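In: Below are the sequence and a predicted model; questions follow.
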Amino acid sequence: MYRKAILAGLPVTEANISDDACHPEARIKPDFFSDLSQLTWRDLRSTDTVHYTVTLHQVLSDEPCRDVPAGLAVETAVFERQRSTLPAGVTT
């Protein structure tokens, strides 16, 4: 999410990001905003890209997860880092 914030022009730099903060083995802990997102939830499309941590997460009992369809493109950590730099001449 932080690298996407960089692309959106927010004042975040690569120095603010720590990939070791990702814990796909951890239980998902929904909060108030998770409940609100269900109002606008949509199913994944065949053209969607899934973050690599989603594919690494093994759903634990009673977690409010939706199935990720097989065959979706997976955004790797390397690809995400490469995308955090805008090509020359592109402005936000």
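Out: On my side now, so go ahead. Numbering: from 1, shown residues only.

In: Quick check: which ranges of the chain have low pLDDT?
Out: Low-confidence segments of the chain (pLDDT under 70): 83-92.

In: wait, doesn't Gln58 sit right on Arg27?
Out: No - with contacts counted by Cβ atoms under 8 Å, Gln58 stays clear of Arg27, the gap being 10.5 Å. No exception for glycine: its C-beta is placed from N, CA and C like everyone else's.

In: For Asp20, give its distance to Asp48.
Out: Computed as Cβ to Cβ, to the nearest Å, the Asp20 to Asp48 distance reads 26 Å.

In: And those two? Which one has more around it.
Out: Comparing Asp20 with Asp48 by other Cβ atoms under 10 Å, the one with more neighbours is Asp48, at 12 against 5.

In: The more buried one: what's it in contact with?
Out: Taking Cβ atoms under 8 Å, 6 or more residues apart in numbering as the criterion, Asp48 is in contact with 72-73.

In: Swap in 7 Å and give it another go.
Out: Contacts for Asp48 (Cβ atoms under 7 Å, 6 or more residues apart in numbering) come out as Leu72.

In: any idea how far Arg66 is from it?
Out: According to Cβ to Cβ, Asp48 stands 12 Å off from Arg66.

In: what do you get for Ser34?
Out: Taking Cβ to Cβ, one finds Ser34 at 12 Å from Arg66.

In: I appreciate the help and will end here.
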